[in-house]
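Enquirer: Return a 3D structure for these sequence lines:
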Amino acid sequence: MNMIWQNSDNIKFEIISEEDTGRIGCPKMVKLLVAKTKYDLVMFLGDDTLPQPGFLKNALAAMATLPDGWGLVGLNDQTDRPIATHWLADKRLLPLLDGEFFHTGYQHCFCDGELRARCEELGRFVFAKNAVVDHDNPIITDGAQYDQEKYKHDRRLFCDRRRNGWGHNIGAVKLGIGLPLTDNKVHTQFFTSFTCMAKPDFTLYLPQFPGQIDLVRNSIVSQAINDGCTHLLMMDTDQIYPVDTLEKLLNHEVDVCGVLVHRRYPPFAPICYRGKVGEFKYVGDEEMFSGDLIPVDATGCGCLLFNCTVFNEITQPWFEIKYKDDGSPIGEDIGFCQKLRDQGFEIYVDTSIPVGHLTEMEVNRSTYEIFKAINGGKGK
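Expert: Next comes the predicted model:
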């Protein structure tokens, strides 16, 4: 408290503190303390923060830059990111935030993420880089970890609430489309089919950094769920898509749904399996080409629509390349399908959606001989 007094720049304020003896958690404690305040502006500081010179003056200066001079100011606790773990807020925000700065459904984590996100949506958030507080966070200073079950609970709650418009838009679809680019090439046929494909409003996601395919897919998923997408369509850029691809996939209302994609190499079979890794069997042709929606245990992620709730139930990283005992790789897409099945999620393939898989094939004498064999011995 002495640090606050020493760095207050003679600004009139009150300090209200209370120990969480009942272990009710930070969000509920904040709501309790805010109710005891008498001024229009409220600042939240944890008991593990050390305010630096001028922090309060700089926070107030940042507040003045917001529309009509009020909103939420994120303090700089030196994480090098514009966050709202500690903040200065105007009480006029409370009616817009359902009466509480930190939603009390959270046990500890992600409440600050929701506060910042909602104020950003309202156009009433600013980060005060010069309002510095040292955050002596035990998770950083001594490696202590938050309770993992509470962390999972809070992350799931954050994702669910953001998808549902913070409890005000339940059931609405917010679509993300991810293009898992691993190089600089995009096929013309893909671009044309993607442009022509019927699509509702969507947000396009590209990898935040180049890398191998599993890292690229994880980057796209992280962006989509942090933005509150209810659905994510993962679309590889070496494929050709029918115009009604997305319309059909969304109509099924299942957790995970793919399309009929063939391998690019012999035997060129559609990537639809039943069984487990190492014991997979292809779905038979009669069922494969039936035009029906069929259940499978694994398929490729070249064109796969996810209900984003599935990502809450699977430990990160979602996608990862692993290896069998004999050293052969297990693709990141097949491995993720196994994780989905282990969690009890159903995977479907709409066999009425044929997606062409683009490839570059070398033409040589062997190609010529195969053609002759197919053509009854005639090479021309």
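Enquirer: Helices along the stretch 251-380 of the chain, start to end?
Expert: 285-288, 332-342, 365-374 (DSSP state H, counting those that start in this stretch).
Enquirer: what does the stretch 51-200 of the chain give?
Expert: Under DSSP H, counting those that start in this stretch, the stretch 51-200 of the chain gives helices at 55-63, 111-121, 138-141, 148-163, 188-196.
Enquirer: To residue 263, which of these lies closest?
Expert: Closest to residue 263 of these is helix 188-196 (C-beta to C-beta; 17.4 Å). For every residue, glycine as well, the C-beta is placed using N, CA and C.
Enquirer: just checking, what packs against the closest one?
Expert: Identification of packing neighbours for helix 188-196 by 3 or more C-beta pairs under 8 Å, 6 or more residues apart in numbering; DSSP states H and E yields strand 239-240.
Enquirer: strands paired with the strand it packs on, and their directions?
Expert: Looking at strand 239-240 with DSSP bridges, its partner strands are strand 347-357 (antiparallel).
Enquirer: Lowest average confidence across the helices of the stretch 51-200 of the chain, which one?
Expert: With a mean of 49, helix 138-141 has the lowest mean pLDDT of those.
Enquirer: can the helices of the stretch 51-200 of the chain go into TSV with extra columns for distance to residue 358 and mean neighbour count?
Expert: Formatted as TSV, the helices of the stretch 51-200 of the chain follow (distance: least, C-beta to C-beta, whole Å; neighbours: other C-beta atoms under 10 Å):
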stretch	distance to residue 358	mean neighbour count
helix 55-63	51	21
helix 111-121	38	21
helix 138-141	46	10
helix 148-163	33	18
helix 188-196	6	14
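Enquirer: closest one to residue 83 among those helices?
Expert: Checked against C-beta to C-beta, the stretch from the helices of the stretch 51-200 of the chain lying closest is helix 111-121, at 6.4 Å.
Enquirer: ok, and what's touching that closest one?
Expert: 26-27, 71-72, 74, 82-85, 87, 93, 96-97, 101-103, 106, 125, 154, 158, 161-162, 166 (C-beta atoms under 8 Å, 6 or more residues apart in numbering).
Enquirer: what does stretch 41-51 give?
Expert: Residues contacting stretch 41-51 (C-beta under 8 Å, 6+ apart): 3-4, 7, 13, 17, 26, 30, 34, 56, 59-60, 63, 75, 77, 85-91, 101, 132-138.
Enquirer: still on that earlier bit, in PyMOL, select just the buried ones from the contacts of helix 111-121.
Expert: A single PyMOL command selects the buried members of these (16 or more other C-beta atoms under 10 Å):
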select buried, resi 26+27+71+72+74+83+84+85+87+93+97+101+102+103+106+125+154+158+161+162+166
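Enquirer: Show only the entries of the contacts of helix 111-121 found in strands.
Expert: Among the contacts of helix 111-121, the residues falling in strands (DSSP state E) are 72, 74, 87, 125.
Enquirer: in the protein, what spans have low per-residue confidence?
Expert: Under the criterion of pLDDT under 70, the regions of the chain flagged as low confidence span 1-11, 80, 137-146, 363, 377-380.
Enquirer: For residue 217, give me phi and psi.
Expert: Per-residue torsions, residue 217: phi -60, psi -40 (degrees, to the nearest 10).
Enquirer: before we move on, back to that, mind putting the helices of the stretch 51-200 of the chain into CSV with distance to residue 272?
Expert: Shown next, in CSV, are the helices of the stretch 51-200 of the chain (distance: least, C-beta to C-beta, whole Å):
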stretch, distance to residue 272
helix 55-63, 55
helix 111-121, 38
helix 138-141, 44
helix 148-163, 29
helix 188-196, 21
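Enquirer: which one of these lies closest to residue 279?
Expert: helix 148-163 (30.7 Å).
Enquirer: tell me what the closest one is packed against?
Expert: Applying 3+ C-beta pairs under 8 Å, 6+ apart, we find helix 148-163 packed against helix 111-121.
Enquirer: buried residues in stretch 218-237?
Expert: 218-225, 227-237.
Enquirer: State the number of residues packed around residue 203.
Expert: 15 (other C-beta atoms under 10 Å).
Enquirer: can you pull the contacts of it?
Expert: Per C-beta under 8 Å, 6+ apart, neighbours of residue 203: 174-177, 224, 227, 229.
Enquirer: now swap in residue 262 and tell me
Expert: Counting by C-beta under 8 Å, 6+ apart, residue 262 has contacts 268-271, 357.
Enquirer: farthest-separated two in those?
Expert: The widest separation within those (C-beta to C-beta) is 11.3 Å, between 269 and 357.
Enquirer: Need the overlap of contacts for these two.
Expert: What both residue 269 and residue 357 touch, as defined by C-beta under 8 Å, 6+ apart, is the set 262-263.
Enquirer: Just the element for residue 246, please.
Expert: helix 245-252 (DSSP states H and E).
Enquirer: what helices or strands is that helix leaning on?
Expert: Helix 245-252 packs on strand 231-235, strand 256-261, strand 303-307, strand 347-357, going by 3+ C-beta pairs under 8 Å, 6+ apart.
Enquirer: Can you list the neighbours in contact with that helix?
Expert: The contact list for helix 245-252, computed with C-beta under 8 Å, 6+ apart, reads 173, 175, 197-200, 231, 233, 257, 259, 293, 303, 305, 348, 350, 352-353, 355.
Enquirer: how far does it sit from the chain's center?
Expert: Helix 245-252 has its C-alpha centroid displaced from the chain centroid by 21 Å (C-alpha atoms, centre = their mean, to the nearest Å).
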